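Student: predicted structure and sequence below. I'll ask about it afterward.
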Amino acid sequence: MREASVAPLPNLWDDVVAAALDEPGQLLYRSNLLGADLRITNFGGGNTSAKIEMEDPLTREQVRVLWVKGSGGDLGSMKRDGFATLYLDRLESLKRLYRGIAHEDEMVALFNHCTFDLNPRATSIDTPLHAFVPHRHVDHVHADAVIAIAASVDAERLTREVFRGQLGFLPWQRPGFDLGLKLGEMAARHPELVGVVLGGHGLFTWAETSKACYKTTLRVIQQAADWLAAHEQRPSFGGAKVETVSPEKRRAVAARIMPLIRGRISADERKIGHFTDAPDVLEFVNSNALATLAPLGTSCPDHFLRTKIRPLVLPYDPARDNLDEVIAGLDDSLAAYRADYAGYYERCKHPDSPSMRDPNAVVHLMPGIGMFTFARDKATARIAAEFYVNAINVMRGASGVSSYVGLAEQEAFNIEYWLLEEAKLQRMPKPKSLAGRIAYVTGGAGGIGEATVRRLLGEGACAVIADIDEKALDERVAAIVKRHGRDAAIGVKLDVTDEAAVIASFEETIRAFGGVDIVVSNAGIASASPVEDTSLALWQRNMDILATGYFLVSREAFRLMQQQKIGGAIVFVASKNGLAASAGASAYCAAKASEIHLARCLALEGAAHGIRVNTVNPDAVLRGSKIWEGEWRRQRAASNKVSEDQLEEVYRQRSMLKRSVFPEDIAEGVYFFASDLSAKSTGNILNIDAGNAQAFTR
């Protein structure tokens, strides 16, 4: 049961910081503060504005300019260039051209004619809602506590009761020019108001300074949250219908079912998954109200656009542990959802509606276990989960003091298939070649491994970086996350010779991303010793890491890819020594030859399942390579009778092309085999050794 109190929203405004900023800087400061707390607004949701006196670059006269968050930005992370800037008087003049609500979408194109100083930032559909409010500073946020009031069946009455005349109320209406006119008129007619609750949507607040606007927004949200906490019925959602299973069981179930869902919904576009069993989620999926509330969908348009019309509830019963039944009926469950979505499309479409989009669910709820979300990339899947948690909070608050009301079906469709929204989607860049793909790379903290991970990430994949060197692993992951974002990669400490650890690493991969598409076996060692001096331990170590390790990783990859039924690509990073024998390195050469032949065997077995297995053969990749540190480098230098710093030149001159081979060169070969560029290649060997006749495959 939840406590009847809420943590206060902290006032983070720092007068010293703000004093050093100009007015646009203070607007950005306020925006970032508001966007940093998901209780205030969700990722990409809401917008802020300020009306600022500026010098017209043409006339040199002072004009009033509306600075407002542009389309597609995020308050918490946006920069100064995230704001659209428009002449306020020109926006006001658009009122004379407005032909009524049936024609309001045509007004959007006219916003471009109001642009100040050639600012290229696209304007948001909410621009009129900021422009026509006669106050200098305006905030629009999607705070859960306020939307809970706005999404109640008697939202207008609750608004009066909770805010006691401080806030006005406007019934649900799609954002646009007409709603902007109504909001501006209400603000002008009622100077006593500090804001307005939009039915089913969110909150607008205003003030004459940036600091005052920020404080007003926080105060109103806190007032709503405190009121709900004091008046909510307990237990939430009618109490628990099922019991939560243990954390270990939840993790095991997630690892089992996520690749099955992913495979079935990735036929047309690969999806990335996200799993959460956060307390709010478990409270909802375990509750008596799940069956009633889940089909109602969300209310706030921002929630809805991220999470679809409604979630799919999987019929799992923790008391019976009927997971096998759920899996057996999974095709039927997914087909029923798609049919329901298609019916929704057919009922609501207009003559000019865009074609039906992907009919698969985004949000999958499982009693006792948690929530799975799937989208075209990890960030979108994670953010969809965050939005549905917001929706859960809204449903809890609304149903605790009244009755929750979701967005009406036709209104939901009009938002989802809005021609302006379609135009925004069409402007999105074309997906990269590995978008939606999940890569698992062993030896990922070494030179070749790191270069490979970066190459795959650069093409849109997300990555699991597995390595036995924990320190190097942590450093590599931190650097990649800094460059590509927190959703790009995870690190897994892994000894590839440990069967249980390999199995566990794939389960962790599933829980992080939903499955796997690309597996790069790259973990390695190197040793040199005359055969008579080669100990059994040295021989076995080579075989354990370079042969058995590759087998264990490939076996788990095969098992997972066969469950997904969408194929996959496995790439072995072997060695020139697997084809060309070298004296004094029998253990290493034999193990590398084993890798190459294992890859050919796997290519035979994988073809029927669409699993391609190929090999990249490097030679003498010294730069950044951990196996070329220490004893191996000294041994190779000694055998060539040169100093260690001369070794790279020896290998360069030994090659036919007289060129050094770098980690990035190997990564390029791995990318070729991992991508659809090699969709018709399996069982192949690509030598990347600057030319070595001994290693020719024919």
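Tutor: It's in.
Student: could you list the domains of the chain?
Tutor: According to automatic domain parsing, the chain is divided into the following domains: 15-231, 247-426, 438-621+661-688.
Student: now those in a markdown table, with distance to Tyr651, mean neighbour count and mean pLDDT?
Tutor: Glycine gets a C-beta too; all of them are placed from N, C-alpha and C. As requested, these are exported to a markdown table (distance: least, C-beta to C-beta, whole Å; neighbours: other C-beta atoms under 10 Å; pLDDT from 0 to 100):
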| stretch | distance to Tyr651 | mean neighbour count | mean pLDDT |
| --- | --- | --- | --- |
| domain 15-231 | 46 | 19 | 96 |
| domain 247-426 | 39 | 19 | 94 |
| domain 438-621+661-688 | 4 | 21 | 95 |
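Student: of all those domains, which lies closest to Leu9?
Tutor: With C-beta to C-beta as the measure, domain 15-231 is the member of these nearest Leu9 (4.9 Å).
Student: for that closest one, measure first residue to last.
Tutor: Criterion C-alpha to C-alpha, to the nearest Å; first-to-last residue distance in domain 15-231 is 35 Å.
Student: going forward can the numbers begin at 872, since that is how I track them
Tutor: All right, first residue 872 from here; so that's domain 886-1102.
Student: where do the helices sit along the stretch 1422-1569 of the chain?
Tutor: Here the stretch 1422-1569 of the chain has its helices, by DSSP state H, counting those that start in this stretch, at 1457-1477, 1502-1510, 1518-1525, 1534-1545.
Student: nearest to Leu883, out of the ones you listed?
Tutor: Each of those has some distance to Leu883 by C-beta to C-beta; the shortest is helix 1534-1545, at 42.6 Å.
Student: can you pull out the residues in contact with the closest one?
Tutor: By C-beta atoms under 8 Å, 6 or more residues apart in numbering, the list of residues contacting helix 1534-1545 from outside reads 1305, 1308, 1310, 1318-1319, 1321-1323, 1325-1327, 1330, 1332, 1389, 1391, 1440, 1442, 1444, 1483, 1485, 1487, 1489, 1492, 1494-1496, 1548-1549, 1552, 1555, 1557, 1559.
Student: those in strands, which ones?
Tutor: When strands are assigned by DSSP state E, the members of the contacts of helix 1534-1545 inside them are 1310, 1389, 1391, 1440, 1442, 1444, 1483, 1485, 1487, 1489, 1557, 1559.
Student: which of these sit farthest apart?
Tutor: The most distant members of the ones in strands among the contacts of helix 1534-1545, if one measures by C-beta to C-beta, are Arg1483 and Pro1489, lying 19.6 Å apart.
Student: quick check: end-to-end length of stretch 1156-1165?
Tutor: Across stretch 1156-1165, the straight-line distance between its terminal residues is 9 Å, by C-alpha to C-alpha.
Student: now do it: distance to the chain's middle.
Tutor: Here the centre of stretch 1156-1165 is set off from its chain's centre by 26 Å, with C-alpha atoms, centre = their mean, to the nearest Å.
Student: tell me the span between the first and last residue of stretch 1034-1051.
Tutor: Here stretch 1034-1051 reaches across 22 Å from its first residue to its last, counting by C-alpha to C-alpha.
Student: chain center to the longest helix along the chain, what's the gap?
Tutor: Ranked by number of residues, the top helix in the chain under DSSP state H is helix 1249-1272. For helix 1249-1272, the distance from its own C-alpha centre to the chain's C-alpha centre is 16 Å (C-alpha atoms, centre = their mean).
Student: so which of the helices of the stretch 1422-1569 of the chain is nearest Leu1409?
Tutor: Comparing the helices of the stretch 1422-1569 of the chain against Leu1409 with C-beta to C-beta, the closest turns out to be helix 1457-1477 (5.7 Å).
Student: between strand 1482-1489 and the closest one, find me the angle.
Tutor: 150 degrees (axes from the mean of the first three to the mean of the last three C-alpha atoms, to 10 degrees).
Student: which helices and strands sit right next to the host helix or strand of Lys1120?
Tutor: Secondary structure from DSSP states H and E places Lys1120 in helix 1118-1136. The helices and strands touching helix 1118-1136, judged by 3 or more C-beta pairs under 8 Å, 6 or more residues apart in numbering; DSSP states H and E, are strand 1143-1147, helix 1194-1199, helix 1201-1219, strand 1234-1237, strand 1241-1246, helix 1370-1384, helix 1420-1435.
Student: nearest spatial neighbour of Lys1447, skipping sequence neighbours?
Tutor: With sequence-adjacent residues excluded and distances taken as C-beta to C-beta, 6 or more residues apart in numbering, Lys1447 is closest to Asp1490, at 3.8 Å.
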